[in-house]
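>>> Fold the stuff below for me.
(2 chains)
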2 protein chains.
Amino acid sequence: MAQKKRVAVKKSPLFGDEGMWLLNQIPRSRIRSRYGVLLDDHFGTRVMSAAVRLTNGGSASFVSSEGLIMTNHHVAHKLIASVSTAERDLVAQGFYAPRREDELKIPHAEANVLVSIEDVTERVLKAKASERKKVIAALELESKQKTGLRSDVVELYQGGAYHLYCYERYTDVRLVFAPEMAAASFGGDFDNYEYPRFCLDVTFLRLYDASGVPVKPRQRLTLVADAPTEESLLFVAGHPGRTDRLTTYAALMSARDHGLPYRLRSLARMEILYQQYAGRGSEYARRVEREMQTVMNLRKRYMGQRAALQDPVFMRRIEQRERAQKSLDPKPYATIERAVRTFEKHAVEYDLWESMIGYGGHYDKPSPMSSNWTTYLGIARTLVRMAAEDTKKSADRLPEFADARRESLLEALYSPAPIYSDLEEWKLADALSLLLETYGTEDATVQAILGGLSPMARARALIQRTTLGDPEVRKRIAEGGARALKTTTDPMIKLALLIDARARAVRTAVETQYKTPCDAAYARIAQLQFETFGTELYPDATFTLRLAFGTNKRHVADDTVMPPYTTIAGTYAHEVAHQAKRPWTLPLSWKRAARWGSVSQVPYNFITTHDSHGGNSGSPVFDKDFHCIGILFDGISSGQGSTFMYGEYERAVCVSSAGILALLAHVYKATGLLKELAR
Amino acid sequence: MAQKKRVAVKKSPLFGDEGMWLLNQIPRSRIRSRYGVLLDDHFGTRVMSAAVRLTNGGSASFVSSEGLIMTNHHVAHKLIASVSTAERDLVAQGFYAPRREDELKIPHAEANVLVSIEDVTERVLKAKASERKKVIAALELESKQKTGLRSDVVELYQGGAYHLYCYERYTDVRLVFAPEMAAASFGGDFDNYEYPRFCLDVTFLRLYDASGVPVKPRQRLTLVADAPTEESLLFVAGHPGRTDRLTTYAALMSARDHGLPYRLRSLARMEILYQQYAGRGSEYARRVEREMQTVMNLRKRYMGQRAALQDPVFMRRIEQRERAQKSLDPKPYATIERAVRTFEKHAVEYDLWESMIGYGGHYDKPSPMSSNWTTYLGIARTLVRMAAEDTKKSADRLPEFADARRESLLEALYSPAPIYSDLEEWKLADALSLLLETYGTEDATVQAILGGLSPMARARALIQRTTLGDPEVRKRIAEGGARALKTTTDPMIKLALLIDARARAVRTAVETQYKTPCDAAYARIAQLQFETFGTELYPDATFTLRLAFGTNKRHVADDTVMPPYTTIAGTYAHEVAHQAKRPWTLPLSWKRAARWGSVSQVPYNFITTHDSHGGNSGSPVFDKDFHCIGILFDGISSGQGSTFMYGEYERAVCVSSAGILALLAHVYKATGLLKELAR
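Reported below is the predicted structural model:
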């Protein structure tokens, strides 16, 4: 790769402990010069063995030698909900399995442990740009056939490098311990992205191999009750989902003026829709709790991003960052500006037909199964597209239908997770109403969808008559392919067929006019960065394993000093300050626990200077000896600009191991779990 | 006026008991033919004497001979809040004054009692259209000087008729009794516009004259504990705020495709902003409780309207209604269609600069003091405009600055009601952010407003430095006129000056290109209606006194049967069904009241077929002998299309007098009040 120039480090805009480093490119000399710690050669491999990726979007780590992993409650929320029922709401009540046989198997979960990273940049880049998709698919298939491991080629540095990641893949995931939602998410949406914080945002799961034996990790972390101290070196290993730190000034202006306002409007509409549904009663609230959390979390994040981009100081720094690079080659910047303008024209059409109101979806990461139109339509579209795509060779298909991803796709498609028809009706009626608002009554597709009915009446008819609620029906249609699609009378399949051409058309337009030119331009910018910085620069986040380093610190900007950590006693004070009203109501288990004594002074939540991002949730915070002092679960709202540029106001918020251990003992009496953690 | 043709009644699209009738045009023969009751000549005058208008937007009625009036809790909410403090939250806790001296004087309230109606159509219509504003102002002034009464010329039938309404005006309004918000608004936003219902949405106030003596009404109503019975004739006298039942098909399409979606987006943004503020703690929640109620109420209403307009069946009926009329003269319909298209181009600019994010404001009813930008800016604009307008003759001014309205205006301007700076900051920062989203960073006005700061920083600086929180400062500037404006350094005044030209420009554009041509066209349509129907047709609502007739009925549409009334026992069942979670938590006073016995079977809320609309809230429901069996407080969501066309799904929702009396006795021990009601 490119030359490293020492001086470049100073030029690069570093604040605090910026950086999400590749495990095969750990900046050892930088860590040594800043913290005086020299890491040995095996450190990266050991971290890989201890870290776990949950494919539903979070991080975890092995914390025992018997397959026990620790993650956030909010990461595991969907998994816990999937083993809950109306009668037994484990999200609200919490859960603890004292014995192995009490553990609950989660129907639709996947955990990955990274085994190896191989640089395949040359093999990918020697192919013509138009052939690279196929080369990547071939590489993945070849590796999977050879090793039996999940094999993903990861594009790094916006196409500047390609690494092949091989993972052990576990789908037998069982629930061991979860606190009550009220403790895990104390303060709810209001405290989200805030600090000081008081959350027990932790859940323990256990991974089993295919033969039903607990997984024995090659490396584990050991939870220690040490308080975080300022200036001591700590690591965070996790899977930041996506950053866009090369994003150009023009693209950020477009996000500020178009993308973010549009998404925030969609989110507000969705949030109120869910609130109205949840307000009907506690069972309704339970059904949409996780979706609401997602929506509120995105709303806060995007509002933070909007505030950053509307701040002239932030934008000036972006401009300055860009100026030097731009003088080397202005072309990619011009290309991106043009592409972004073009995308603005397609954005709504893309969002409504292809993303299907994908308020949080990323335009280049299609998620075939998720649809806010309704879950049924997500299923229907997957069936419709799978039949069409499977007539092609794997490498020629839409990427989500490639052979390598089939296993995960079918697991989602055949998931027996309940679908709530009344909720589906609300969502679909609202989506149809939005189509009318956007396109009017004269749009031919909209007319065909509504068939002369009002949005509410049409939604009701569609939901009442679809048979896709039954996983067996889905399987029959999936296996029957195009022929089954032709003969089915299911109205949701017919709807998916009706809109598919329009959705594919806008997807193609966005890919050719926006994504492809942007990818090439960002690759060029990344290349220019390499020529200056080399691997002194970390690549943007890609939901693959990264290592961040940093420390606990009380100073956030010049004029803001925060406590380095909170205590369990502070939790009670925080409850009192809000008159114990929801979401500041501690669960009964806490109220019942008497004689807190010294437990109340145990450190609970703390902040660090680590560079982290969505997807890092659940990452362990540990020292060079693999002692784990906590688990990362959030950032702070003033730092939401970090998607685009790391700044001095960013901080990571974590639950301390000390707090976890104390509460497991004092409140939850989880003796068996504590023994295993200590073994 | 025009000829009455009997046959017209059948042609007119009547469902249920449609009609909001003028007190000087009560349809006596229609009432006789439908209900067999002949009203005497004085009935209208007696109703006028018993009915009370609260100028903050609701209805009331005299229920004792000592000035006691009854209205809804949600109508009085703002008044109750204005005598509350952080320490003594009367909205939450309720209030009862056993003795006169315990009553709380409300700082900023106005109640009107209608004394006379005079037809001044000829005097107005003989003037040229451009002169009519002046003629109206002159008529109002002349009447006020002659009678000493508040004198308003009311435009009826979209300019087909003008009536002079003279009111006794009372500003000494005192709080006598209010239940807890939890009882008044049981079920909150979720139960709003729904039925069956269980709300004690009632408040008692007392009107005093200028010398501090309770007002002695010429007519009072007597609360009776009779259960509502189907088929017996009942009246509702109140002040429906505004209907648009002549609205053309083209205008409704515009509302469906542009106006309503825009307003709903604004409301969603506002609702979430308020929720975030309220979520910080109960004192914060108290401060925005009323605004939140307003926003949620509008959101539900507009969603109902959107659903009606997106229903092809509803739109076909509108089209049919229009077809016959249109064939007589298509021109006004074409004019309106053109004007509406033009308005669509100005709508956002008008909303942001002139209405100042007036999500609920009507485009032709400017409310100078209200601004969702921030209350301070509403004050600043009033000061800025008053100075400019007062250099003109009253008749030439913007109507809200005419002499006749000065008294009310100054009362609002000098109100000592608290303004919460932190809330103002939130709102203003959000408004500035919206300006950036709408106009981008290149807009000269937006640049001048922000002065290089972020929306949050600019909002903070403006709010921290303004001195308009002090009513004395407002008074000084108001009395100093243009000179005071020139010398003040108040940043909010400077902001108001900065945007005033732009705001006035779009107001003028909207008035000349939309309002004036539309008014003329609707006047023409109304004229055509007269020629066919005469006063057999009622005019659109104008927030003036109207009489509706109807009955209690269990059938709502063919397939929906509802209970004619609910009971107090049902309230407890409803609480249990929602696990007593907020907003379904009955107040402590109810829990403390033991031995409910036969009280639990007392009728509580009921529905009627009366044609009512926003502003009717607080209207008494009474028989021909002025026995009052309840008070109207809501409609149902399926009837929200009634703004544009009365249909069979409309119902009014009322609290029964039986329930009020039983609860005053059993729960609130309001012995003195009960005695007065019975006297």
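
>>> any idea how far the most far-flung residue of chain A relative to its centre is from chain B?
Here the centre of chain A is the reference, and by CA atoms, centre = their mean the most remote residue is A:Gly452, at 39.9 Å. Distance, A:Gly452 to chain B, by CB to the nearest CB, to the nearest Å: 6 Å. (Glycine included, C-beta is placed from N, CA and C.)

>>> what do you get for A:Ser65?
Counting by CB to the nearest CB, the gap from A:Ser65 to chain B is 43 Å.

>>> Dihedrals phi and psi, the residue farthest from the centre of chain A?
The phi/psi pair for A:Gly452 (degrees, to the nearest 10) reads phi 80, psi 0.

>>> doesn't B:Pro312 make contact with it?
Yes. With contact defined as CB atoms under 8 Å, A:Gly452 and B:Pro312 form a contacting pair (5.9 Å).

>>> count of residues packed around the residue of the stretch 51-200 of chain A found nearest chain B?
Residue nearest to chain B within the stretch 51-200 of chain A (CB to the nearest CB): A:Phe190, separated by 4.2 Å. The local packing of A:Phe190 (other CB atoms under 10 Å in any protein chain shown) involves 18 other residues.

>>> Please name the spatially closest residue to it (chain neighbours excluded).
Once flanking residues are discounted, A:Phe190 sits nearest to B:Gly279: 4.2 Å by CB to CB, 6 or more residues apart in numbering or on different chains.

>>> And for that neighbour, the neighbour number?
Neighbours of B:Gly279 (other CB under 10 Å): 19.

>>> Kindly report the same for A:Arg554.
When neighbours are counted by other CB under 10 Å, A:Arg554 comes out with 13.

>>> State the pLDDT value of it.
pLDDT recorded at A:Arg554 is 76.

>>> contacting residues around it?
Taking CB atoms under 8 Å, 6 or more residues apart in numbering or on different chains, we find A:Arg554 in contact with A:230, A:561-564.

>>> now do A:Tyr262
A:347-348, A:351.

>>> Wondering if the top helix by length along chain A reaches chain B at all.
Determined from DSSP state H, the single longest helix within chain A is helix A:282-309. Yes. Using CB under 8 Å from any CB of the partner chain, helix A:282-309 reaches chain B at A:282, A:299, A:306-307.

>>> ok, the closest residue to A:Pro27 other than its chain neighbours - how many residues close by?
Leaving aside its sequence neighbours, A:Pro27 sits nearest to A:Trp21 (CB to CB, 6+ apart; 5.8 Å). Per other CB under 10 Å, the neighbour tally for A:Trp21 reads 24.

>>> give me phi/psi at A:Trp21?
Dihedral angles (degrees, to the nearest 10) for A:Trp21: phi -90, psi 150.

>>> mind checking how far it is from A:Phe549?
8 Å (CB to CB, to the nearest Å).

>>> Check which element follows the lowest-mean-pLDDT helix or strand in chain A along the chain.
When each helix and strand of chain A is scored by mean pLDDT, DSSP states H and E, helix A:6-11 comes last, with a mean of 31. Note on helix A:6-11: by DSSP states H and E, the next helix or strand toward the C-terminus is strand A:21-22.

>>> Adjacent strands (with direction) for that following strand?
strand A:546-550 (antiparallel) (DSSP bridges).

>>> Could you show which parts of the stretch 301-450 of chain A are in contact with chain B?
A:306-307, A:310-313, A:433, A:436-437, A:440-441.

>>> got a list of contacts for stretch A:581-589?
So stretch A:581-589 is in contact with A:94, A:179-180, A:182-183, A:185-191, A:571-572, A:574-575, A:577-578, A:580, A:667-668, B:282, B:582, going by CB under 8 Å, 6+ apart.

>>> again, only this time at 6 Å
A:180, A:182-183, A:187-188, A:575, A:578, A:667 (CB atoms under 6 Å, 6 or more residues apart in numbering or on different chains).

>>> what's the answer for stretch A:598-614, then?
Outside stretch A:598-614, the residues touching it (CB under 6 Å, 6+ apart) are A:16-20, A:195, A:197, A:227-228, A:236, A:240-241, A:243, A:541, A:548, A:550-553, A:565-569, A:632, A:646, A:651-656, A:658-659, A:662, A:666.

>>> Please check the residues you listed and keep the buried ones.
Neighbour-count burial (16 or more other CB atoms under 10 Å in any protein chain shown) applied to the contacts of stretch A:598-614 gives A:16-20, A:195, A:197, A:228, A:236, A:240-241, A:243, A:541, A:548, A:550-553, A:565-568, A:632, A:646, A:651-656, A:658-659, A:662, A:666.

>>> Out of those, list just those in strands.
Judged by DSSP state E, the buried ones among the contacts of stretch A:598-614 include A:236, A:548, A:550, A:565-567, A:632, A:652-656 as members of strands.

>>> in what helix or strand does A:Pro574 lie?
No, residue A:574 isn't Pro; it's His. A:His574 belongs to helix A:568-577, assigned by DSSP H and E.

>>> near chain B, anything from that helix?
No. Judged by CB under 6 Å from any CB of the partner chain, helix A:568-577 stays clear of chain B, getting no closer than 7.1 Å.

>>> Name the next helix or strand following that helix along the chain.
That would be, after helix A:568-577 and using DSSP H and E, helix A:588-592.

>>> any idea of the mean pLDDT for that following helix?
Here the average pLDDT along helix A:588-592 is 93.

>>> would you put the C-alpha positions of the next helix or strand along the chain from that helix in PDB?
With elements assigned by DSSP H and E, the helix or strand that comes after helix A:588-592 is strand A:603-608. C-alpha atoms of strand A:603-608 as PDB (Å, rounded to 0.1, in the frame of the first residue of the first chain):
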ATOM      1  CA  PRO A 603     -19.300   3.000  39.700                       C
ATOM      2  CA  TYR A 604     -22.300   2.500  37.400                       C
ATOM      3  CA  ASN A 605     -22.000   4.300  34.000                       C
ATOM      4  CA  PHE A 606     -18.900   6.100  32.700                       C
ATOM      5  CA  ILE A 607     -17.600   8.000  29.700                       C
ATOM      6  CA  THR A 608     -14.500   7.500  27.600                       C
END
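
>>> What is the subsequent helix or strand relative to strand A:603-608?
strand A:620-622.

>>> Is the closest residue to A:Glu650 other than its chain neighbours in a helix, a strand, or coil?
Excluding its sequence neighbours, the residue lying closest to A:Glu650 (CB to CB, 6+ apart) is A:Gly639, at 3.6 Å. Secondary structure, DSSP: H, G, I helix; E, B strand; the rest coil: A:Gly639 is helix.

>>> low pLDDT regions in the stretch 551-679 of chain A?
By pLDDT under 70, the weakly predicted segments of the stretch 551-679 of chain A are A:555-559, A:648.

>>> One more pass at 80, please.
Counting by pLDDT under 80, the ranges of the stretch 551-679 of chain A that qualify are A:554-561, A:637-639, A:647-649.

>>> what's in contact with the helix holding A:His574?
Under CB under 6 Å, 6+ apart, the answer for helix A:568-577 is A:198, A:584, A:586, A:600, A:602, A:604.

>>> Now neighbour count and distance to B:Lys515 too, for the residues you listed, in CSV please.
Shown next, in CSV, are the contacts of helix A:568-577 (neighbours: other CB atoms under 10 Å in any protein chain shown; distance: CB to CB, whole Å):
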residue, neighbour count, distance to B:Lys515
A:Phe198, 24, 55
A:Trp584, 22, 49
A:Leu586, 20, 57
A:Ser600, 16, 66
A:Val602, 21, 67
A:Tyr604, 27, 60
